[in-house]
Structures are given as C-alpha cells and as structure tokens.
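1. missing the sequence, but the structure's below:
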C-alpha cells in the first residue's frame, strides 16, 4: 500500500468522523483491524456496513482534489495560491439549523400571544411582524433566503468538482445551483407575492373575455 493512498484513506476516515457518519470508537476499531489485515480503512468500513461505497467515493473526491491541486502548485513553484479544504459536520450543521428554526417558532408564538392577549404598546405590531412566519422581509424570510443561498453554493461546489471530472451530469448540478439562486432572490425580493395579483387579474380577464366570446 503506497503512502499517498494511505494518506488519502486516513483523510477519508477523518472526514467520515467529522461528518458524523462513523464514531471515533468505530474508527479506532477499524484501525486495529487494519493492522491485522492490511486492508484500507474505507474497505473495512464498507465490510462492517458503516458506510456505503457511494459515500466513500464522495469523500474521496473532496479529499483527493485539493491534494492533486496542491501537488500541481508545488511542482509549478507557484506560492501565490493556497488550497483551503473545509469540512462541515452534518450533525453539527443540522443541530445549528434546528436551533435557529426552534428559536424562530418560539419567537413567532410568543409575539402572536403578545398581540392577542396584551394591550397595545409601542412597537408591538412591528415586533410581531419581525417574527411572523408567514410574513415577508423579516427574520424567518431571511433565514429561508440564506438557507436557499447556502444550498446554491453547495450545488455550485459539487458542479465545480463534477466539471473537473468531466462528469456528464455537470450541467444538471449547475442548473440546480441557478434554480436555488433564483429561489433565494425570489424570497428576498418577494417576487412571487408581487406577481400574484397581476397574474390573477390577467387570468380573470382572459376567462371573462373567453366566456363572452
């Protein structure tokens, strides 16, 4: 087993742990099994049913691409570029999103109760609008917009990786990134809300003139 492949195998294992797909204890056990069998850690994970081959290939793309780029830069002697490899833990990110959602729900319910059961006081209605879940241009809508933007960025990164691999589905990933970017813009600009009334009026007029004709 060459050193480069061993290094990639170890990095993939670390990625799996940080992403919450395997536990640190499971990694340590796999390392002990590796010492006995000489197999790659990723093969041991698959044999144990901890992860699928598709997940291994996904993290292999993430790990090997920066390594290849870094090697190319070292060979060219170019020191003006730096490769940064970011890894987001799926569990940690999910917990963060759930905390934000929980806060927004509690804030919405609290402000609705204040509006319903308390006397009017300065900025009460303005405060209610800030956390109204069905409102626009407030904290919940900003959260939705940034969530869509984040999805667009992830899809863009995937599209970039697929393009470097000459994947035939690259254009689909790029298309999804554009769609989510548009959805983010729509959420921020309240575009679909602005179009509801004009479209409704146009359809009513069309139906009216069609029925008369």
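-> That came through fine. Model, not experiment: these values are computed from the prediction. Numbers count the residues shown, from 1 in each chain.
2. Without its sequence neighbours, what residue ends up closest to the residue nearest the centre of the chain?
-> Centroid-nearest residue in the chain: residue 151, 4.3 Å away (criterion: C-alpha atoms, centre = their mean). Of all residues not flanking residue 151 in the chain, residue 180 sits nearest, at 4.7 Å (C-beta to C-beta, 6 or more residues apart in numbering). For the C-beta atoms, the positions are set from N, CA and C on the backbone; glycine is no exception.
3. For that neighbour, grab the count of nearby residues.
-> 20 (other C-beta atoms under 10 Å).
4. you'd agree it is up against residue 146?
-> No - taking C-beta atoms under 8 Å as the definition, residue 180 is not a contact partner of residue 146, at 11.5 Å.
5. Counting residues, name the longest helix you see in the chain.
-> Longest helix in the chain by number of residues (criterion: DSSP state H): helix 90-117.
6. residues of that helix that come out buried?
-> By 16 or more other C-beta atoms under 10 Å, the buried positions in helix 90-117 come out as 104, 107, 108, 111.
7. Looking at these, which is nearest residue 168?
-> Within the buried residues of helix 90-117, proximity to residue 168 (C-beta to C-beta) peaks at residue 104, which comes in at 40.1 Å.
8. per-residue confidence at the closest one?
-> As predicted, residue 104 sits at a pLDDT of 95.
9. any idea which helix or strand carries the closest residue to it other than its chain neighbours?
-> Residue nearest to residue 104 in three dimensions, not counting chain neighbours: residue 140, with 5.2 Å by C-beta to C-beta, 6+ apart. Taking DSSP states H and E as the definition, one finds residue 140 inside helix 139-164.
10. just residue 187 next, same as before
-> Using DSSP H and E, residue 187 maps to helix 170-189.
11. Name the surrounding residues that touch that helix.
-> Applying C-beta atoms under 8 Å, 6 or more residues apart in numbering, the contact partners of helix 170-189 are 141-142, 144-146, 148-149, 151-153, 155-156, 158-159, 162-163, 191-192.
12. Following element in sequence after it, please.
-> Heading C-terminal from helix 170-189 (DSSP H and E), you reach helix 191-212.
13. Pass me the low-pLDDT residue ranges in the chain, would you?
-> Residue ranges of the chain with pLDDT under 70: 1-2, 62-89, 208-209, 211-213.
14. Go again with 80.
-> Across the chain, residues meeting the criterion (pLDDT under 80) sit at 1-5, 58-91, 190-197, 199-200, 203-213.
15. between the helix holding residue 140 and helix 90-117, how many degrees?
-> Relative orientation of helix 139-164 versus helix 90-117 (axes from the mean of the first three to the mean of the last three C-alpha atoms, to 10 degrees): 160 degrees.
16. one step back: give me the helices and strands touching the longest helix of the chain, please.
-> In terms of contacts (3 or more C-beta pairs under 8 Å, 6 or more residues apart in numbering; DSSP states H and E), helix 90-117 is packed against helix 124-130, helix 139-164.
17. Swap in 6 Å and give it another go.
-> helix 124-130 (3 or more C-beta pairs under 6 Å, 6 or more residues apart in numbering; DSSP states H and E).
18. chain center to the helix it packs on: distance?
-> Counting by C-alpha atoms, centre = their mean, to the nearest Å, helix 124-130 is centred 30 Å from the centre of its parent chain.
19. Mind giving me the packing neighbours of it?
-> So helix 124-130, by 3+ C-beta pairs under 6 Å, 6+ apart, packs with helix 90-117.
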